[in-house]
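Engineer: let me see the structure of the following:
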Amino acid sequence: MRLRPILSALLAAAVAFGLFGCDAIKKAITPAPIIKHVAIAPKVGQPGATVVGSLKAGAPANLPLWEGSNVLRSGTTKSDVGSSWSAILSTTDEYQDVVKGMAVGFQRSGWQVQEAEDAGSGEASATALTVSGPSAMGVVTISVTKDKTTRIGYLMTESGK
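Structural biologist: Sure thing, here's the model as predicted:
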């Protein structure tokens, strides 16, 4: 008589195992995974951003640069009417990301930005931003080269003097 309750329990366990299977049991006893969502903010031009190479002195205060870009050229020119500063930077970041990031970077740094204008044609893309700040104004051109690198050209002149 004692055998009957034990056999009934074993039979019930076998039926449950057969109906639900190992996966259902494993799922029932395994806690749900914790999923952490990571938001990646888009890259934006910033004053004082680290670049590879050296820039000539004379850049306007609060001028946004593209983090990690390489300095290809940099120079200053002085004349009777004031001085100008120029530079060409290069990056492997996507052209559209650089255009958007530089426009936002200038705005966040207190510069006025004229509507970006795509001056490219066909396979080539180039955008010119006309910018003005408290101490300088100029044109920033962003273009894509044949080897798919993005170039950022600055031509800035003093203002208000």
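Engineer: when you work out contacts or count neighbours from here on, use the C-alpha atoms and nothing else.
Structural biologist: OK.
Engineer: now do the contacts for the nearest residue to residue 60 once chain neighbours are set aside.
Structural biologist: Leaving out its chain neighbours, the residue that sits closest to residue 60 by Cα to Cα, 6 or more residues apart in numbering is residue 136, at 6.2 Å. By Cα atoms under 8 Å, 6 or more residues apart in numbering, residue 136 lies in contact with 60, 156-160.
Engineer: let's go with 10 Å and repeat that
Structural biologist: Going by Cα atoms under 10 Å, 6 or more residues apart in numbering, residue 136 touches 59-61, 63, 83-85, 111, 156-161.
Engineer: out of those residues, which comes closest to residue 93?
Structural biologist: For the contacts of residue 136, the minimum distance to residue 93 (Cα to Cα) is 19.4 Å, reached by residue 63.
Engineer: leaving out chain neighbours, which residue sits closest to that closest one?
Structural biologist: Closest residue to residue 63 apart from its sequence neighbours, by Cα to Cα, 6+ apart: residue 47 at 5.1 Å.
Engineer: surely the one you found touches residue 107?
Structural biologist: No. Residue 47 is not in contact with residue 107 according to Cα atoms under 10 Å; the separation is 11.5 Å.
Engineer: how much space between residue 76 and residue 132?
Structural biologist: Residue 76 sits 18 Å away from residue 132, going by Cα to Cα, to the nearest Å.
Engineer: I meant residue 111, not that one.
Structural biologist: According to Cα to Cα, residue 111 and residue 132 sit 6 Å apart.
Engineer: so which strand or helix has residue 106?
Structural biologist: helix 95-108 (DSSP states H and E).
Engineer: quick check: mean pLDDT of that helix?
Structural biologist: Helix 95-108 shows a mean pLDDT of 94.
Engineer: packing partners for that helix?
Structural biologist: Under the contact criterion of 3 or more Cα pairs under 10 Å, 6 or more residues apart in numbering; DSSP states H and E, helix 95-108 touches strand 46-47, strand 64-65, strand 112-113, strand 126-132, strand 136-144, strand 150-158.
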